[in-house]
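Q: Model the structure of this input:
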Amino acid sequence: MKMKTRIISLSILAILTVCLLNVAAASATAAAPHRTIITAVKTHVNVKQAAGIIIYTDTPTINSGDTITFYGMLYDTNGNGIGGQSGTLSYLSSGMSTWQTATTFTTQSNGNWSARGSFTAASGDYWFAAQCDGASAQTIITVS
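A: Numbers count the residues shown, from 1 in each chain. As a prediction, the model looks like this:
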């Protein structure tokens, strides 16, 4: 479970050749000194992209109206947390046709996140999905 680090290489190669001719006004045959300057620049920019996200709760069964807290982590290909990313916690049940947004969250500097709220719904199983930076994971909660 590791996150993809995408390295975007921006190569900028600038070659500047400057020839400066100094011609002596008094002599048309004077040697013309010149100077060549070559500059090469290569830049690498690292852009992290999530390899995965974890979602879990310590309460897999709740009563309608109970408060529930979800926890998780957004991580890269090396398993390191990615901070400062905004994510969405959504839910779906067997009787629903589209995912409903429950709340949003922002990952901490270590990639951890949490979202807490009360959930009022009919009895049954509900799939909760955490989505952030292209990564998604689901868990099931039973409302009794």
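Q: how long is stretch 94-108 from one end to the other?
A: Using C-alpha to C-alpha, to the nearest Å, the end-to-end distance of stretch 94-108 comes out at 32 Å.
Q: shaky segments in this structure?
A: Scanning the chain with the threshold set as pLDDT under 70 gives 1-48.
Q: Where does the record place the domain boundaries for it?
A: Domain assignment for the chain by automatic domain parsing gives 5-48, 52-143.
Q: Arg116 sits in which helix or strand?
A: Following DSSP states H and E, one finds Arg116 within strand 112-118.
Q: Give the partner strands of whichever helix or strand comes after that strand in its sheet and their orientations.
A: Next along the chain after strand 112-118, taking DSSP H and E as the criterion, comes strand 124-132. Strand 124-132 has these partner strands in its sheet, going by DSSP bridges: strand 86-93 (antiparallel), strand 135-143 (antiparallel).
Q: Buried residues, strand 124-132. List them.
A: Tyr126, Phe128, Ala129, Ala130, Gln131, Cys132 (16 or more other C-beta atoms under 10 Å). Where C-beta positions appear, they are placed from N, C-alpha and C, glycine not excepted.
Q: Find the nearest non-adjacent residue to the last one, please.
A: Leaving out its chain neighbours, the residue that sits closest to Cys132 by C-beta to C-beta, 6 or more residues apart in numbering is Gly87, at 3.1 Å.
Q: what's that neighbour in contact with, if anything?
A: With contact taken as C-beta atoms under 8 Å, 6 or more residues apart in numbering, Gly87 is in contact with Ile53, Leu74, Thr104, Phe105, Thr106, Thr107, Trp113, Ala130, Gln131, Cys132, Asp133.
Q: Which strand residues bridge it?
A: Phe105, Cys132.
Q: Now do it against Gly124, distance only.
A: Gly87 is 25 Å from Gly124, where distance means C-beta to C-beta, to the nearest Å.
Q: related to what we said a few turns ago, quick one, which of the strands paired with strand 124-132 is nearest to Ile68?
A: Smallest distance to Ile68 across the strands paired with strand 124-132 (C-beta to C-beta): 6.9 Å, for strand 135-143.
Q: Give me the buried positions along the helix or strand harbouring Thr101.
A: Secondary-structure assignment from DSSP H and E places Thr101 in strand 100-106. Neighbour counts using 16+ other C-beta under 10 Å place Ala102, Phe105 of strand 100-106 among the buried residues.
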